[in-house]
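Trainee: I'd like to go over a predicted model; first the sequence, then the structure.
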Amino acid sequence: METAKIYRTEDCYVLDQLAEKAGVCGFQLMENAGNGMGRAIVARFAPKSACIVCGPGANGGDGYVIARYLYEQGCEVSLLAISPPQPNSVAAQMEARLPAGIQRGSASIPANCGIIVDCLFGAGLDRPITGESADLIDQINAHPAPVISADLPSGINGDDAQPGTPSIIAAMTITFEVLKSAHVLEPARNQCGEITVIEIGFPVGTIDQVEPVALQNHPSLWLNIPMEPSVTSHKHNRGRLLVDCGGPLHTGAARLAARAGLRIGAGWVTLSGTADAMQVCANHETSIVLSVRQPGEAITEILQVQKPNCVLLGPAGGVGEAMRCQVLDLLATGIATVLDADALSSFADQPQILLDACHAKTVLLPHEGEFRRLFPDLTTESGNKIHRVTAAAQRAGCTVLLKGADSVMANEAGRVVANTYTSAHLASLGTGDVLAGMVAGLMAQGHGEFDALCAAVWMHGELGRQCGTGLIAEDLPGAIPAMLQRFQEL
């Protein structure tokens, strides 16, 4: 399996046109789409009865093909169309091919149907749904049968992560050839349920003619990670990581990050902080080097001694002028740098100072609140998450991750990746510090900023899936070796 490409809705229309120019007519594309959906539905649900709900456009045409396919497989099929298709359209041709045995003309969803197939409105819908159509969507959502949506649940625009009101809540969404932004961005993605991408007969090379807005995160994007040490490897050439530590009552976040960096493969990891903070760390750490930094001493002084390949600043490091100075001093050196948490919040009042100091070897790891403080004009009203992070990375001139269930990362060169491989069990204190340490640990080993980030985010999700219910942040670093072993066996 390779990564999936993510497109704007208008680009998907272009792909359809390119396929037709290459000799696959619209009739054949719709036939392939409907039959492909039918096969996927039968494989997943084995329905004995189904209600197909059709709109007037191409989505409705897909529904007519699905209805025919399911009927031919022995399923009892009823069809509810909110309005007829346009005369002489491909959808009208598909309606004319419906078998006589399909029940038609029902004004409501049968109470005993096994599944509902939603083919009401397509991904290009950009208006509120009202009247009878809205009532029908409410009826579908209230029905106990699982709903399978064609392309996207009706009421969700393909480019908008915010579902319309009302909109279908699907158990499964089957889309064609590529993904749209709404398939990967929350909360729209959550309403899609299980997402399946099927081929509908695009000629070879068709998809490559249109540039996607993003790729879906997948190990095929970073084939050289993780990197097995060679027989000549030693602690100094496997990458040196420096993690700055907070005060004596705030060492936990940095220790989590340092352990994660060590577990992900860095050969030498150092925690740096004040003497009282290092005393606390000495009670907990044995494999991590501790380096005392005098109060007010610049972190750049430690660089001369520890000679790290990457530095992580921010986890519970304190918010204020001292942190701002440390960040700016560090960025001025040009060393590979990961900034998280307090290192970002310290610039909430003057974000441009930070952005001006960032360079290509910088990685920023904000959550939504921190992102809004750094990029106050890049709100949810200014575009979806992919657009916002792309703009942020170009403005900062570095790699930016906007964390969440739908993490999106972009760099200054225009690479954009969306990650949906994660676990809700990661929604707890400290797991973000582990992620920061994983990113920095991979960067310390010489992996490029963007590849290291993509790999760390995916592997972090894998850790969440493997640890599962009851995990706490302390569980994650120790689980990394088994995760890497299983990953390499895939």
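Mentor: Arrived safely.

Trainee: separation between residue 409 and residue 400?
Mentor: 7 Å (CB to CB, to the nearest Å). Where you see a C-beta, it was placed from the backbone N, CA and C, and this is true even at glycine.

Trainee: Overlap of the contact sets of these two?
Mentor: Counting by CB atoms under 8 Å, 6 or more residues apart in numbering, the shared contacts of residue 409 and residue 400 are residue 389.

Trainee: Residue 378 touches residue 392, doesn't it?
Mentor: Yes - between residue 378 and residue 392 there is a contact at 5.9 Å, judged by CB atoms under 8 Å.

Trainee: what touches both of the two?
Mentor: With CB under 8 Å, 6+ apart, residue 378 and residue 392 have common neighbours residue 371.

Trainee: show me where the stretch 251-400 of the chain has strands.
Mentor: Applying DSSP state E, counting those that start in this stretch to the stretch 251-400 of the chain gives strands spanning 268-273, 289-292, 310-313, 336-339, 362-364, 399-402.

Trainee: Columns mean pLDDT and distance to residue 257 on top of the ones you listed, output as JSON lines?
Mentor: Below are the strands of the stretch 251-400 of the chain laid out as JSON lines (pLDDT from 0 to 100; distance: least, CB to CB, whole Å):
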{"stretch": "strand 268-273", "mean pLDDT": "96", "distance to residue 257": "9"}
{"stretch": "strand 289-292", "mean pLDDT": "96", "distance to residue 257": "14"}
{"stretch": "strand 310-313", "mean pLDDT": "98", "distance to residue 257": "6"}
{"stretch": "strand 336-339", "mean pLDDT": "98", "distance to residue 257": "9"}
{"stretch": "strand 362-364", "mean pLDDT": "98", "distance to residue 257": "13"}
{"stretch": "strand 399-402", "mean pLDDT": "98", "distance to residue 257": "15"}
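
Trainee: Now tabulate those in CSV and tack on mean neighbour count and distance to residue 63.
Mentor: Output for the strands of the stretch 251-400 of the chain, formatted as CSV (neighbours: other CB atoms under 10 Å; distance: least, CB to CB, whole Å):
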stretch, mean neighbour count, distance to residue 63
strand 268-273, 26, 57
strand 289-292, 15, 64
strand 310-313, 29, 52
strand 336-339, 28, 49
strand 362-364, 27, 45
strand 399-402, 28, 36
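
Trainee: mind putting the ones you listed in a markdown table, distance to residue 132 included?
Mentor: Converted to a markdown table, the strands of the stretch 251-400 of the chain look like this (distance: least, CB to CB, whole Å):
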| stretch | distance to residue 132 |
| --- | --- |
| strand 268-273 | 63 |
| strand 289-292 | 69 |
| strand 310-313 | 56 |
| strand 336-339 | 53 |
| strand 362-364 | 48 |
| strand 399-402 | 39 |
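
Trainee: Contacts only, for the residue nearest to the spatial centre of the chain.
Mentor: Nearest residue to the geometric centre of the chain (CA atoms, centre = their mean): residue 419, 2.4 Å. Applying CB under 8 Å, 6+ apart to residue 419 gives the contacts 216, 217, 406, 407, 408, 409, 454, 457, 458, 461.

Trainee: Which of these fall in strands?
Mentor: 216, 407, 408, 409 (DSSP state E).

Trainee: For the host helix or strand of residue 66, the averaged confidence score.
Mentor: Remark: residue 66 resides in helix 58-72, with elements defined by DSSP states H and E. What helix 58-72 shows for mean pLDDT is 97.

Trainee: Report the buried residues of it.
Mentor: 58-71 (16 or more other CB atoms under 10 Å).

Trainee: Check those residues and tell me the two furthest apart.
Mentor: Within those, 58 and 71 form the most distant pair, 20.5 Å apart (CB to CB).

Trainee: low-confidence ranges in this protein?
Mentor: 1, 490 (pLDDT under 70).

Trainee: can we see that at 90?
Mentor: Along the chain, the model assigns pLDDT under 90 to residues 1-3, 105-108, 125-128, 160-162, 226-238, 294-298, 379-383, 485-490.

Trainee: mind giving me the domain split of it?
Mentor: 23-211, 219-489 (automatic domain parsing).

Trainee: Take those domains and write them to JSON lines, including distance to residue 8.
Mentor: Formatted as JSON lines, these follow (distance: least, CB to CB, whole Å):
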{"stretch": "domain 23-211", "distance to residue 8": "6"}
{"stretch": "domain 219-489", "distance to residue 8": "9"}
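
Trainee: Nearest to residue 3 among these would be which one?
Mentor: Comparing the domains of the chain by CB to CB, domain 219-489 comes nearest, at 5.4 Å.

Trainee: mind checking the end-to-end distance for the closest one?
Mentor: 13 Å (CA to CA, to the nearest Å).

Trainee: Spit out the contact partners of the nearest residue to residue 382 once chain neighbours are set aside.
Mentor: Distances taken as CB to CB, 6 or more residues apart in numbering place residue 388 nearest to residue 382, at 6.6 Å, with adjacent residues excluded. Each residue near residue 388 by CB under 8 Å, 6+ apart is listed here: 371, 375, 378, 379, 380, 382, 402, 408.

Trainee: Now, of those, which are buried?
Mentor: Buried among the contacts of residue 388 by 16+ other CB under 10 Å: 371, 375, 378, 402, 408.

Trainee: would CSV of those with distance to residue 192 be doable?
Mentor: Formatted as CSV, the buried ones among the contacts of residue 388 follow (distance: CB to CB, whole Å):
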residue, distance to residue 192
371, 24
375, 27
378, 25
402, 20
408, 17
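
Trainee: How about residue 27: what's its closest non-neighbour residue?
Mentor: Closest residue to residue 27 apart from its sequence neighbours, by CB to CB, 6+ apart: residue 90 at 5.3 Å.

Trainee: what do you get for residue 258?
Mentor: Per CB to CB, 6+ apart, closest to residue 258 is residue 243, 4.4 Å.

Trainee: Show me how far the helix or strand that contains that neighbour is from its chain's centre.
Mentor: Residue 243 belongs to strand 240-244 when assigned by DSSP H and E. A distance of 28 Å separates the centroid of the chain from that of strand 240-244, by CA atoms, centre = their mean, to the nearest Å.

Trainee: Tell me the helices and strands packed up against that strand.
Mentor: Packing contacts for strand 240-244, counted by 3 or more CB pairs under 8 Å, 6 or more residues apart in numbering; DSSP states H and E, involve helix 252-263, strand 268-273, helix 299-306, strand 310-313, helix 431-444.

Trainee: how far out from the middle of the chain is the first one?
Mentor: Helix 252-263 has its C-alpha centroid displaced from the chain centroid by 24 Å (CA atoms, centre = their mean).

Trainee: and what of the third one?
Mentor: On the basis of CA atoms, centre = their mean, helix 299-306 is displaced by 36 Å from the centre of the chain it belongs to.

Trainee: burial measure for the residue nearest to residue 27, as a count.
Mentor: 20 (other CB atoms under 10 Å).

Trainee: Before I go, just wanted to say thanks for your time.
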